[in-house]
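[1] structure for the following, please:
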Amino acid sequence: MDWDTLAKVYTANGIPALRGQALAPYTTFKIGGPAALFCRPETNAQLAAALRLAKGAGARVYLLGKGSNVLFADEGFDGVVIQIGPSMGGVEIHGSTICAGAGEPLSQVCLAAAEAGLTGLEFAYGIPGSVGGAVYMNAGAYGGEMKDVLEDVTFLDDRGGEHTLPAGELCLSYRTSIFTSRPWCILCAKLRLSHGDRQAVRARMDELAHRRAEKQPLDLPSAGSTFKRPAGAFAGALIDQCGLRGYQVGGAAISEKHCGFVVNLGGATCADVLALTDHVQAVVRQKTGYDLEREVRVVR
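    Prediction:
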């Protein structure tokens, strides 16, 4: 692949693109080597062009939001990383409906809902992802999930065609959606909320933010909950039960504050995280019989 030539083609089409951009700064884990090509389209048209050009060149593509649930390989990504950033965000409120761009930080949507006196999205306040990422993985917390409030989603298919599907056709279930198995790019989501008391909504959001700060290691880089919740148990409790609190490999460790989190103590590599999680999975399987599945997406 002639990456320099492809970069020039992107630039000629008005799409900001960089060669060899380190990916660590674009993830909450602060881990990851360089992307062969990194671009941040600013409009839907630029996004469609970026996807079309990558496909025409036969390049692999990874769509990145705020990088809150991804672990890039130490050697980087030999393809095009397209970041759907805040320039492709935006929030519009029509009655009890919110239309939010894929690049909008989810917490900002929650704040807009609170300001408008809309309830139903409080659970999402503090989830460190973008709207697109939240839809992609059906993000959830404190008893709520995106599928509870999602009305429909507009996206680009692998040929650049724009479509809108209702939530009922998006195969939304625990930490997954139709988008995890399709080469589609989310553009925006429509959320259906309910009218409520503005002060009560904000109070609930503040309460959940306080609970997060008390129980989660928000002061250290991580990708959030590292493992999916197994049926009938909690990953963090199982890990703690197995005596793995604080277990460390290189710069990666099981959080002392919450065993469901793997944290970057400084200088952690992807290899560190994988070795640590492999060990945790083996020990938990041996001692409890539960098979823990990584929730964080590993991109090589």
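
[2] okay, now the unreliable bits of the chain?
    Judged against pLDDT under 70, the chain has no low-scoring part.

[3] map the structural domains onto the sequence of it.
    Here the domain parsing of the chain from automatic domain parsing is 3-83, 89-201, 217-299.

[4] so which of these gets nearest residue 207?
    For residue 207, the closest of the domains of the chain is domain 89-201, at 8.6 Å, according to C-beta to C-beta. All C-beta atoms are positioned from the backbone trio N, CA, C, and that covers glycine.

[5] endpoints of that closest one, how far apart?
    23 Å (C-alpha to C-alpha, to the nearest Å).

[6] what's the burial count for the spatially closest residue to residue 87 that is not a sequence neighbour?
    Spatial nearest neighbour of residue 87, chain neighbours left out: residue 42 (4.4 Å); criterion: C-beta to C-beta, 6 or more residues apart in numbering. Neighbourhood size, residue 42 [other C-beta atoms under 10 Å]: 16.

[7] residue 42 - that's part of a helix, no?
    No: checked against DSSP: H, G, I helix; E, B strand; the rest coil, residue 42 lies outside a helix; its state is coil.

[8] my guess is it contacts residue 17, does it?
    No: Residue 42 is beyond contact range of residue 17, at 12.0 Å (criterion: C-beta atoms under 8 Å).

[9] beta partners of the residue nearest to residue 235 when sequence neighbours are not counted?
    With sequence-adjacent residues excluded and distances taken as C-beta to C-beta, 6+ apart, residue 235 is closest to residue 227, at 3.9 Å. Counting by DSSP bridges, residue 227 is bridged to residue 294.

[10] quick one on the thing from earlier: in JSON lines, list the domains of the chain along with distance to residue 208.
    Formatted as JSON lines, these follow (distance: least, C-beta to C-beta, whole Å):
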{"stretch": "domain 3-83", "distance to residue 208": "17"}
{"stretch": "domain 89-201", "distance to residue 208": "6"}
{"stretch": "domain 217-299", "distance to residue 208": "13"}
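
[11] nearest to residue 210, out of those domains?
    domain 89-201 (9.7 Å).

[12] now that closest one, how far from the centre of its chain.
    How far domain 89-201 lies from its chain's middle: 12 Å, per C-alpha atoms, centre = their mean, to the nearest Å.

[13] again with stretch 233-248
    23 Å.

[14] quick check: buried residues in that stretch?
    234, 235, 236, 238, 239, 241, 242, 244, 245, 247 (16 or more other C-beta atoms under 10 Å).

[15] just say helix, strand or coil for the fourth one.
    Read that as residue 238. Of the three states, residue 238 takes helix according to three-state DSSP.

[16] list the residues that contact it.
    Residues in contact with residue 238 (C-beta atoms under 8 Å, 6 or more residues apart in numbering) are 230, 284, 288, 290, 292.

[17] quick one on the thing from earlier: the residue nearest to residue 87 and residue 187, how far apart?
    Distance, residue 42 to residue 187, using C-beta to C-beta, to the nearest Å: 13 Å.
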